[in-house]
Every structure is written in C-alpha cells, then in structure tokens.
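[1] heads up, no residue letters with this:
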C-alpha cells in the first residue's frame, strides 16, 4: 500500500495475509510467527526481554530460546548475585559476554557459562588475579 504525504511518497509495510486485524484495524501480536518474535527479542537487552516475556506463556517459552542467549551484554546493568541467579539457567549456550567493573566480574562467575569463547570487561583495573583465573576456568 502506498500513500502520498505532502510531496513525499510513503510506503507502508505489507501485512501478511495470515495475520488478522481486529475491527479497529489493529494487528494481533499473538499471531506473529515464532521466528519474528525471536527476532524482536534479539533486538532487546536481557531486562527488556524479561519484561516482554511476561506478556504470555508462548513468549515466555520463546524467551528461553538458546539462540537469544549466545551473547550477553551486562555493561548497562548492575550485575549482582540476584541477577546472575536469574540468568544462570539461560547461559548454558553463552559464547560472548561483556560486563562492566570488577564487582560484576566476581558475580558473573556464578553464571557457570561453560561455552564462553569471548569475555570483555570494561573498567576492570581492580580485578584480582584470582578473579581472572576463576573467569578463565
């Protein structure tokens, strides 16, 4: 569908025929294909994913998809022991991890991510050698 707005030509996204609009011409988000929902999740940080996953049972299941948990960026968030405890069940396939500060380094050891290939820590000058050895192990 194409519409003209002033002198600009504006293209509207085509809506899949399998998705139904209600009487008010609003798209039912529950009708989105699972792979699209997973793509939406992949654009969000882990806190926003958790909020969105509380929407319904299906999205809670999709939120646990292993492909969403290969990379985790904890830099914008304070990673404490409670947060690590909530993330541990999802970090089995974690391959890349970014964090901020030596306090977070001590906490992320609790993630028990055995498949890590890359760890990136910002502002970790105060990290002890023991903590570094634990991360590597």
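    Ah, there it is. Remember, it's a predicted structure, so these values are computed and weren't measured experimentally.
[2] quick one, what contacts residue 118?
    95, 96, 97 (Cβ atoms under 8 Å, 6 or more residues apart in numbering). For glycine as for every other residue, the C-beta is placed from the backbone atoms N, C-alpha and C.
[3] same question, residue 91
    Taking Cβ under 8 Å, 6+ apart as the test, what residue 91 contacts is 69, 72, 111, 112, 113.
[4] now it: how far from residue 68?
    Note on residue 91: its distance to residue 68, by Cβ to Cβ, to the nearest Å, is 11 Å.
[5] again, but for residue 40
    10 Å.
[6] mind checking which of those two has more residues around it?
    In this view residue 40 and residue 68 are compared by other Cβ atoms under 10 Å, and residue 68 has more residues nearby, 19 against 15.
[7] for the closest residue to the more buried one other than its chain neighbours, list the residues it contacts.
    For residue 68, ignoring the flanking residues on the chain, the nearest one in space by Cβ to Cβ, 6 or more residues apart in numbering is residue 41 at 5.4 Å. Going by Cβ under 8 Å, 6+ apart, residue 41 touches 49, 52, 53, 62, 63, 65, 68.
[8] thank you, goodbye.
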